[in-house]
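1. the following block contains a protein sequence and its predicted model.
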Amino acid sequence: MRVAYLAAGAGGMYCGSCLRDNRLASVLIAQGRDVHLWPMYTPLKVDEPRVGERRVRYGGINVFLQQASSLFTLMPAVMARMLDAEVLLRAASRAAGSTRAEKLGPMTVSVLAGEEGRQKRELDKLLADLRTLKPDVVNLPNLMFLGQARRIRRELNIPIACTLSGEDLFLDALPEPHRTQAFELIAERSADVDAFIAVTAYFAKRSVTHFALPAERMHVVPMGIHAHEFAPSATPPAEPFTIGYFARICPEKGLDRLARAFVALRRAGCDCRLKIGGYLARADRDYLAHVLREIHAAGFGHDVAHVGETDRAGKIAVLQSLHVLSVPTVYPEAKGFYILEALAAGTPVVQPRHGSFPELLEATGGGLLYDHADESALTRALAQLADDRDLHAHHARTGRENVARDFTAEIMAEQTWTLYSQLTGRT
């Protein structure tokens with residue numbers, strides 16, 4: 001069985017979906033499976049060895065230009081191919097900074113329209129490459145690319161799978177009328193997909209209700225990591241008690257909430273520190289500066305370390321240096337890879353009781369949940385782990401053991417391949 005696995009890049013940002021897709025493909029390839037990972041929109045930015053092709057399909061520059069004017073659909077093929085070069089797409093991503101949904105409504109709707117959209121030329125190019133590859137199944141990256149499914153299915157006569165990756169945050173932010181148009185196209189084009197793959201049961205259920213996806217075609221394949229690579233250091237984290245944040249730094253992820261909880265703990269006499277890491281887009285620099293100013297104004301600036309964006313080794317070192325991780329997202333998170341990585345490093349977590357977090361903590365036993373509507377509840381939960389070291393040790397040990405047993409990349413690969421086999425009747 002041959003699989004064409006399409007994975008959407010996130011510009012210059014590390015993202016959980018890119019990490020998952022690259023990891024899944026790399027494990028399947030290492031197992032001898034015939035898997036071809038094709039980046040879409042921008043190159044994938046991952047902190048593990050990258051597999052698959054360097055060439056990008058539906059390159060962001062071409063997609064943007066074709067949306068701006070139909071004249072760009074007449075561009076010579078050689079020039080269009082040059083605009084899909086990895087170096088150009090990376091440079092464009094850096095120049096553009098963070099991409100906000102409110103600016104991308106017309107383009108999102110057009111890509112969802114597939115053969116009827118302005119990017120028909122990109123779909124033609126993709127179909128030509130797929131005809132050459134002759135896959136037995138195609139895996140689309142997310143709901144925003146459902147417009148590809150109809151022609152692929154019709155012209156290649158093969159099943160289509162589509163990964164669900166937390167698209168609700170982006171799609172809900174589209175301005176009207178584009179949000180309504182996008183949701184209508186998703187509901188219509190979902191008929192062209194044979195299987196939807198969610199990484200959590202929470203998001204599988206939400207996708208059925210929120211996007212009107214067919215429940216009978218919904219499947220859950222839990223996230224998987226290389227847990228052994230995060231194994232706790234032989235040396236316990238140094239005192240004082242260190243609270244960590246390691247995720248994209250943006251208002252939606254709730255760093256300001258964690259900062260306020262940290263200040264409250266220090267004012268209550270808790271000897272603790274705050275360590276902040278993760279991707280920071282240009283558009284969010286003022287947000288981080290504001291958060292740090294508030295901590296400094298409270299008199300605790302010397303107790304905060306901003307480690308920035310790190311490579312994989314740096315990320316592992318940060319997670320191993322923490323006593324607790326908290327990413328108090330404002331929105332219901334669909335994934336939460338950072339939860340599994342922290343637990344694999346022996347670091348318990350404190351998370352809001354919404355989205356995927358209750359599911360992940362029930363499965364792993366690796367931390368505490370709190371009522372997200374009550375910010376003081378976050379402070380109390382952090383204090384509980386700081387004060388009760390036996391409870392802390394219990395969550396650290398239980399979380400680490402359960403992630404190592406139940407959330408491995410190999411399990412994720414096995415379940416995905418089983419689903420592909422069911423769709424195709426091949427092995």
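-> Perfect, I can see it now.
2. got the residue ranges for the helices in the stretch 101-250 of the chain?
-> 105-112, 120-133, 149-156, 168-172, 178-189, 201-211 (DSSP state H, counting those that start in this stretch).
3. got a list of what Ala345 touches?
-> Counting by CB atoms under 8 Å, 6 or more residues apart in numbering, Ala345 touches Phe230, Ala231, Pro232, Ile316, Leu319, Gln320, Leu322, Arg400. Quick note: C-beta positions are derived from backbone N, CA and C, even for glycine.
4. no wait, Leu280
-> Applying CB under 8 Å, 6+ apart to Leu280 gives the contacts Arg248, Ile249, Leu288, Gly308, Glu309.
5. which parts of this protein are strands?
-> For the chain, strands defined by DSSP state E occupy the ranges 2-8, 34-40, 137-140, 160-164, 195-198, 218-220, 241-246, 272-277, 304-308, 324-325, 349-352, 367-370.
6. if we can go back for a sec, switch the contacts of Leu280 over to JSON lines; also include neighbour count and pLDDT.
-> Formatted as JSON lines, the contacts of Leu280 follow (neighbours: other CB atoms under 10 Å; pLDDT from 0 to 100):
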{"residue": "Arg248", "neighbour count": "21", "pLDDT": "95"}
{"residue": "Ile249", "neighbour count": "22", "pLDDT": "97"}
{"residue": "Leu288", "neighbour count": "19", "pLDDT": "98"}
{"residue": "Gly308", "neighbour count": "12", "pLDDT": "93"}
{"residue": "Glu309", "neighbour count": "17", "pLDDT": "93"}
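7. between those residues, which is closest to Tyr41?
-> Relative to Tyr41, the closest of these is Arg248; by CB to CB it sits at 17.6 Å.
8. surely the closest one and Met13 touch.
-> Yes - here Arg248 reaches Met13: they are 6.7 Å apart, a contact under CB atoms under 8 Å.
9. got any residues that touch both of these two?
-> By CB under 8 Å, 6+ apart, Arg248 and Met13 have these common neighbours: Tyr279, Ala281.
10. can you check the pLDDT for Thr61?
-> I think there's a mix-up here, since residue 61 is Ile and not Thr. Ile61 carries a pLDDT score of 85 in this model.
11. contact partners for Pro141?
-> By CB under 8 Å, 6+ apart, Pro141 lies in contact with Leu6, Ala7, Ala8, Ser17, Asp21, Met40, Cys162, Thr163, Ser165.
12. which residue sits closest to it, ignoring its sequence neighbours?
-> Nearest residue to Pro141 in three dimensions, chain neighbours excluded: Ala8, at 3.8 Å (CB to CB, 6 or more residues apart in numbering).
13. pull the helix or strand with minimum mean pLDDT from the chain.
-> Here the helix or strand of the chain ranked lowest by mean pLDDT, DSSP states H and E is helix 86-96, holding a mean of 67.
14. so what's the backbone phi/psi at the residue in the chain sticking out farthest from the centre?
-> Centroid-distance maximum for the chain: Gly269 at 36.4 Å, with CA atoms, centre = their mean. Phi and psi for Gly269, reported as degrees, to the nearest 10, are phi 100, psi 0.
15. any idea how far it lies from Val3?
-> Distance from Gly269 to Val3, counting by CB to CB, to the nearest Å: 56 Å.
16. with Met223 instead?
-> To Val3, Met223 is 19 Å away according to CB to CB.
17. which one's more surrounded, these two?
-> Each of Met223 and Val3 has its neighbours counted (other CB atoms under 10 Å); Met223 has more, 25 against 22.
18. setting the sequence-adjacent residues aside, check what's closest to that one.
-> In space, Met223 is closest to Val199, 4.9 Å off (CB to CB, 6+ apart).
19. in contact with that neighbour: list those residues for me.
-> Taking CB under 8 Å, 6+ apart as the test, what Val199 contacts is Arg20, Thr163, Leu164, Ser165, Val220, Val221, Pro222, Met223, Ala334, Lys335.
20. would you confirm that the fourth one contacts Ala334?
-> Yes - contact status for Ser165 versus Ala334: in contact at 7.0 Å, counting by CB under 8 Å.
21. and the two? Which one has more around it.
-> Ser165 (26 against 23).
22. pLDDT wise, what is the closest residue to the more buried one other than its chain neighbours at?
-> Spatially, and ignoring its direct neighbours in sequence, Ser165 is nearest to Ser17 (4.1 Å; CB to CB, 6+ apart). For Ser17, the model assigns a pLDDT of 90.
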